[in-house]
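J.: sharing a model that was predicted from the sequence below.
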Amino acid sequence: MPPADVRLTVEDLVVGFGGNTVLQGVSFSVARGFTGLIGPNGAGKTTLLNAISGYVSPTRGRVLLGDRPLTSLRPHRIARRGLGRTFQTPRLVPELTVWENVMLGLDGHIGWDRKRSHVVSLARVEELLRQLDLNDWRDRPAASLPFSSQKVVEVARALAADPLVVLLDEPAAGLGPAEVERLIEPLKRRVEERGLAVLIVEHDIELVTRLCSRIVVLDFGQLIADGAPAEVLRLPHVVNAYLGAGVAAVG
Amino acid sequence: MNPAVRYGAIGFGVLALGAGVFFAPAYLNAYLMYLLTWIAIYAIAGTGLTVLMGWTGQIALAHAGLFGVGAYATAYLAGHGWPWPLAALTSSTASAGLGALVGLPAARLRGFYLAIATLAFGELLHQAFVQLTPLSRGPQGMAVVPIQLDGIDTPSLVWYLAMVILAAVMVTLTALGRSRIGRCLKAVRDIEPATGSLGISAMRYKLLAFAISAFLAGLAGAVFGQLITFLTPDLFDLPLLVIFLVQLFVGGVNRLSGALIGAIFVIAVRELLQSHVVSSLVPALVGSGQTLAFGLTLILVVRYLPSGLASLPARLRSRRPRPATLSPME
């Protein structure tokens, strides 16, 4: 049964490249708060994020943001409907400053119709820089930032347009424990304040169990589990597919 | 620096520059004024390439043709009684429309393929100047009706016109580069695959860049007609494209100042190659040999100074040894 306050619904999603079916009829939903998406390498996690955000066209199934279908829309139109995302490797404009890169998260949404006021945009960027502790870096070009700060900037940019749902693709990958805290704590606060729904792909199982109220598990393009972390991480087929007996104790 | 001092210095600099521009025709000889006007015109055209190639990362090789569209269309309309400003604006807008049309393949083509497509479009325009004789008079050439203003001779008027347009273009593009549109153009250049996730339509911004670039080429072409006073199709062929590319890369692809620095460079080199000393020493550099010289320059600059002359001050600053300092522990 889907959880209450569902923001994103994935229904029977099938994605294939050539003769390979990468996602095989995946269905789940994302509600407010954090939902974890885990699975072994090659399970189809990033492909799933790409299909949700319009970068890959599914051969079957549909994606709903609230009750509005996203399938067949182009990525920029999906983003404007309220879906933000990050990538495994930060994709910042090296020449632009941190402030400008975060502002870029709003620029496409201000759009040609100027529905969003410039003043509101400026205020929101300032708020994000403060919350994510980026003020010291604000006037530095993104190229000069350490990797961990680039990741934080990308998350700030994804949050700038105040999306309904955010897809985070391995936000903690390559970060040390202190850097993970620096990213995750303000992110948690922001998600709670704004009532955001976040689908987070992450290999750090401890982080996933700490953040998420639900976990969905992919293996070979199939959804093999969906539920509370404590339950899902004890399921034998999840342990076999991904975790290994030693890590299962975390749940 | 104190902001008041800084703004004072900028204000003084602008005033001095304005005075220099205003009084130049009174103190400089006609040929030098002709060259300076030419530099200003190439700088206007060059800023278009800065927007398209430098900021947006698109390869575009139809610039010479679009420059020609501005020149021919303005000359044609002005020759049929249109006021010059209206003719120039209409022609530049038409050039922008054609530029957007050139940009359409950019939706699917990249790199080498986009270069070929835009080069072919530029050649198509060149052929149109040759073949559409009712409009362009073909190889026979088209005389340009000179602009007139009481109390100012035409060469001085063209100089003022070029400088006013160049100043307006520089100010506008500087603001554009720092605006939302400028950020989006640079995002298309650097992170095109990710732009969709930011709500940015990469295609829309590419077309905008192609249109802005073509508008500026057309506007520069319109003034060029006034400078050169007689248009023939060969003025807008491949050698001009090579000159524009040398200008862009020598000056610096990403910087607006690069368009001006590059324009000074290409006109200075051209004058040097045409000088009596050089032409008597190396006769091969006269005429089509110039294109060869510019082509070689392009290769050398791309190899040894990829960010162009505009980047030199920053490069020199970064190489300057810093004074040694001792830490308190020492």
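T.: Received, thanks. Numbering: from 1, shown residues only, chains lettered A, B, ... in the order given.
J.: C-alpha only now, for contacts and for neighbours.
T.: Will do.
J.: residue A:9 pairs with what?
T.: According to DSSP bridges, the partner residues bridging residue A:9 are residue A:29, residue A:64.
J.: check which helix or strand the closest residue to residue B:22 other than its chain neighbours maps to.
T.: Computed as Cα to Cα, 6 or more residues apart in numbering or on different chains, the closest residue to residue B:22 that is not its neighbour in sequence is residue B:160, at 7.5 Å. When elements are assigned from DSSP states H and E, residue B:160 belongs to helix B:154-178.
J.: buried stuff in that helix?
T.: B:154-163, B:165-166, B:169-170, B:173, B:177 (16 or more other Cα atoms under 10 Å in any protein chain shown).
J.: list the helices and strands the helix or strand following that helix packs on?
T.: As assigned by DSSP H and E, the chain's next helix or strand after helix B:154-178 is helix B:180-195. Using 3 or more Cα pairs under 8 Å, 6 or more residues apart in numbering or on different chains; DSSP states H and E as the contact test, the elements touching helix B:180-195 are helix A:98-110, helix B:202-228.
J.: any idea how many residues pack against residue A:67?
T.: Residues near residue A:67, counting by other Cα atoms under 10 Å in any protein chain shown, number 11.
J.: give the contact list for residue 109.
T.: This is for chain A. Residues in contact with residue A:109 (Cα atoms under 8 Å, 6 or more residues apart in numbering or on different chains) are A:80, A:116, A:161, B:198-200.
J.: now, of these, which are buried?
T.: Neighbour-count burial (16+ other Cα under 10 Å) is assigned, among the contacts of residue A:109, to A:80, A:161, B:198-200.
J.: so which of those are in helices?
T.: When the buried ones among the contacts of residue A:109 are checked against helices (DSSP state H), the matches are residue A:80.
J.: show me which residues of chain B are close to chain A?
T.: Of all the residues in chain B, those in contact range of chain A (Cα under 8 Å from any Cα of the partner chain) are B:180-181, B:183-184, B:186-187, B:190-191, B:194-201.
J.: run the last query once more with 6 Å
T.: On the criterion Cα under 6 Å from any Cα of the partner chain, chain A has as its neighbours in chain B the residues B:180, B:187, B:190, B:196-201.
J.: all strands of chain B, in order?
T.: Per DSSP state E, chain B has strands spanning B:142-143, B:230-231. These are given in chain order.
J.: partner strands of the last one and their direction?
T.: Right, strand B:230-231. Strand pairing for strand B:230-231, determined by DSSP bridges: strand B:142-143 (antiparallel).
J.: what is the rounded mean pLDDT of stretch B:266-282?
T.: On average, the pLDDT along stretch B:266-282 is 78.
J.: where does pLDDT dip in the stretch 201-330 of chain B?
T.: Confidence mapping of the stretch 201-330 of chain B against pLDDT under 70 gives the ranges B:276-279, B:283-288, B:318-330.
J.: tell me which residue in it sits closest to chain A.
T.: For the stretch 201-330 of chain B, the residue closest to chain A is residue B:201, as judged by Cα to the nearest Cα, at 5.8 Å.
J.: apart from its neighbours in sequence, what residue is nearest that residue?
T.: Using Cα to Cα, 6+ apart and skipping residues adjacent in sequence, the residue nearest residue B:201 is residue A:76, 5.8 Å away.
J.: in contact with that neighbour, which residues?
T.: Residues near residue A:76 by Cα atoms under 6 Å, 6 or more residues apart in numbering or on different chains: B:196-197, B:199-201.
J.: pick out the residue of the stretch 101-250 of chain A closest to chain B.
T.: Of the stretch 101-250 of chain A, the residue with the smallest distance to chain B, taken as Cα to the nearest Cα, is residue A:108 at 4.4 Å.
J.: domains for chain B, by residue range?
T.: Taking automatic domain parsing as the criterion, chain B consists of the domains B:21-236, B:237-316.
J.: by pLDDT, rank the contacts of residue A:109 and give me the bottom one.
T.: For pLDDT, the smallest value among these belongs to residue A:116: 58.
J.: ok, how many other residues are close to residue 141?
T.: Going with chain A. As a burial measure, residue A:141 scores 18 neighbours (other Cα under 10 Å).
J.: switch to chain B, that's the one I care about
T.: Other residues near residue B:141 number 16, with proximity taken as other Cα under 10 Å.
J.: just checking, residue A:166 is part of a strand?
T.: Yes - when the secondary structure is assigned by DSSP: H, G, I helix; E, B strand; the rest coil, residue A:166 falls within a strand.
J.: now do it against residue A:93, distance only.
T.: Using Cα to Cα, to the nearest Å, one obtains 20 Å as the distance from residue A:166 to residue A:93.
J.: now residue A:150
T.: 10 Å.
J.: more neighbours, those two?
T.: A side-by-side neighbour count of residue A:150 and residue A:93, using other Cα under 10 Å, places residue A:93 first with 23 against 20.
J.: re the thing from before, for residue B:15, find the nearest of the helices and strands packed on helix B:180-195.
T.: Across these, residue B:15 has its closest neighbour in helix B:202-228 (24.3 Å, Cα to Cα).
J.: still on that earlier bit, contacts only, for the residue of the stretch 101-250 of chain A closest to chain B.
T.: Listed by Cα under 6 Å, 6+ apart, the contact set of residue A:108 reads B:198-200.
J.: what does residue A:39 give?
T.: Remark: with contacts taken as Cα under 6 Å, 6+ apart, residue A:39 is in contact with A:217-219, A:242.
J.: what helix or strand is the residue of chain A found nearest chain B located in?
T.: At 3.9 Å from chain B, residue A:76 is the closest residue in chain A, using Cα to the nearest Cα. Remark: residue A:76 resides in helix A:75-80, with elements defined by DSSP H and E.
J.: now do that helix: distance to the chain's middle.
T.: A distance of 15 Å separates the centroid of the chain from that of helix A:75-80, by Cα atoms, centre = their mean, to the nearest Å.
J.: chain neighbours aside, what residue packs nearest to residue B:52?
T.: If the residues on either side of it in the chain are set aside, residue B:52 comes closest to residue B:209, at 5.2 Å by Cα to Cα, 6+ apart.
J.: what's the single longest helix in chain A?
T.: Among the elements of type helix in chain A, defined by DSSP H, the one spanning the most residues is helix A:177-194.
J.: what's the local residue count around residue 128?
T.: I'll assume chain A. Other residues within reach of residue A:128, judged by other Cα under 10 Å, total 23.
J.: hmm, I had chain B in mind actually
T.: Residue B:128, neighbours per other Cα under 10 Å, totals 17.
J.: separation between the residue nearest the centre of chain B and chain A?
T.: Nearest to the geometric centre of chain B sits residue B:46, at 1.6 Å (Cα atoms, centre = their mean). Residue B:46 sits 21 Å away from chain A, going by Cα to the nearest Cα, to the nearest Å.
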